[in-house]
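Q: Here you go, sequence then predicted model.
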Amino acid sequence: DAKTTQPPSMDCAEGRAANLPCNHSTISGNEYVYWYRQIHSQGPQYIIHGLKNNETNEMASLIITEDRKSSTLILPHATLRDTAVYYCIVNSGGSNYKLTFGKGTLLTVNP
Amino acid sequence: KAGVTQTPRYLIKTRGQQVTLSCSPISGHRSVSWYQQTPGQGLQFLFEYFSETQRNKGNFPGRFSGRQFSNSRSEMNVSTLELGDSALYLCASSLESPGGTQYFGPGTRLLVL
């Protein structure tokens, strides 16, 4: 699986949009971009995933650049409960059923 | 639909003992994966099961083993516990095989004294 690079930490004001970047410059054509988050000591929570098109669900939006070398997870109106470590993972699915977690980004939402 | 459940949630054992952790996947999910999370190593893949068969294994010693039952429920076992086995053990299930979005349980926190 391609390696991902994320900033170690970010801050965001409550009510504002949180934009979390991820670089995955070695991504290959059949690899998806997945985002998970982990609130302290809980199991990781699936947020969203995409291949090449932008995706949106009730939790977040995922913007993938045209060359697919980077992506941004957008939480449109961050709340204090969104404080968590956010992991960007590239996974081919297919025969690769293991997720490789990096260190992620600690997002702190401030009141 | 109920999520992934793991039992027990917390466990304290002593060195040399063995432990069995249980995971019930989301209804209809047939793939179950196990991960270990420690402050030093982060989240690491242990193994994955589908239709009662282990399909892939991470880089862990043979003391770590698992199995899956016909109803897709899974157990993992750690024998001869070491202090370094203290960790959060996470189970994840997915619908498709192979691959597919994985949904995690709350984890079992194991403390080895």
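A: That came in fine, so what should we check first? Residues are numbered from 1 along each chain as shown, chains lettered A, B, ... in the order given.
Q: contacting residues for residue 56?
A: I went with chain A, as the question did not name one. Shown in contact with A:Thr56 (C-beta atoms under 8 Å, 6 or more residues apart in numbering or on different chains): A:48, A:62. For every residue, glycine as well, the C-beta is placed using N, CA and C.
Q: oops, I was thinking of chain B
A: Contacts of B:Asn56 by C-beta under 8 Å, 6+ apart are A:97-98, B:45, B:47-48.
Q: shaky segments in the chain?
A: No chain was given, so I picked chain A. Applying pLDDT under 70 to chain A picks out residues A:1-2, A:93-97.
Q: wrong chain, I was asking about chain B
A: Along chain B, the parts satisfying pLDDT under 70 run over B:97-99.
Q: What parts of it come near chain A?
A: Residues of chain B lying close to chain A by C-beta under 8 Å from any C-beta of the partner chain are B:4, B:31, B:33, B:35, B:42-45, B:48, B:50, B:55-56, B:58, B:88, B:90, B:92, B:94, B:96-107, B:109.
Q: 6 Å instead?
A: Within chain B, the positions adjacent to chain A are B:42-43, B:45, B:48, B:90, B:98-99, B:101, B:103-107 by C-beta under 6 Å from any C-beta of the partner chain.
Q: For those, give me JSON lines that also has neighbour count, secondary structure and distance to A:Ile89.
A: JSON lines is the format used below for the residues of chain B next to chain A (neighbours: other C-beta atoms under 10 Å in any protein chain shown; DSSP: H, G, I helix; E, B strand; the rest coil; distance: C-beta to C-beta, whole Å):
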{"residue": "B:Gly42", "neighbour count": "16", "secondary structure": "strand", "distance to A:Ile89": "12"}
{"residue": "B:Leu43", "neighbour count": "24", "secondary structure": "strand", "distance to A:Ile89": "10"}
{"residue": "B:Phe45", "neighbour count": "20", "secondary structure": "strand", "distance to A:Ile89": "12"}
{"residue": "B:Glu48", "neighbour count": "26", "secondary structure": "strand", "distance to A:Ile89": "15"}
{"residue": "B:Leu90", "neighbour count": "26", "secondary structure": "strand", "distance to A:Ile89": "14"}
{"residue": "B:Pro98", "neighbour count": "17", "secondary structure": "coil", "distance to A:Ile89": "16"}
{"residue": "B:Gly99", "neighbour count": "18", "secondary structure": "coil", "distance to A:Ile89": "12"}
{"residue": "B:Thr101", "neighbour count": "18", "secondary structure": "coil", "distance to A:Ile89": "11"}
{"residue": "B:Tyr103", "neighbour count": "20", "secondary structure": "strand", "distance to A:Ile89": "14"}
{"residue": "B:Phe104", "neighbour count": "23", "secondary structure": "strand", "distance to A:Ile89": "12"}
{"residue": "B:Gly105", "neighbour count": "24", "secondary structure": "coil", "distance to A:Ile89": "18"}
{"residue": "B:Pro106", "neighbour count": "17", "secondary structure": "coil", "distance to A:Ile89": "20"}
{"residue": "B:Gly107", "neighbour count": "25", "secondary structure": "coil", "distance to A:Ile89": "18"}
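Q: Check the residues you listed and tell me the two furthest apart.
A: Greatest spacing in the residues of chain B next to chain A, by C-beta to C-beta: B:Pro98 and B:Pro106 (24.6 Å).
Q: sorry, back to before: mind picking the two most distant members of the contacts of B:Asn56?
A: Pairwise over the contacts of B:Asn56, using C-beta to C-beta, the maximum falls at A:Tyr97 and B:Phe47, 10.1 Å.
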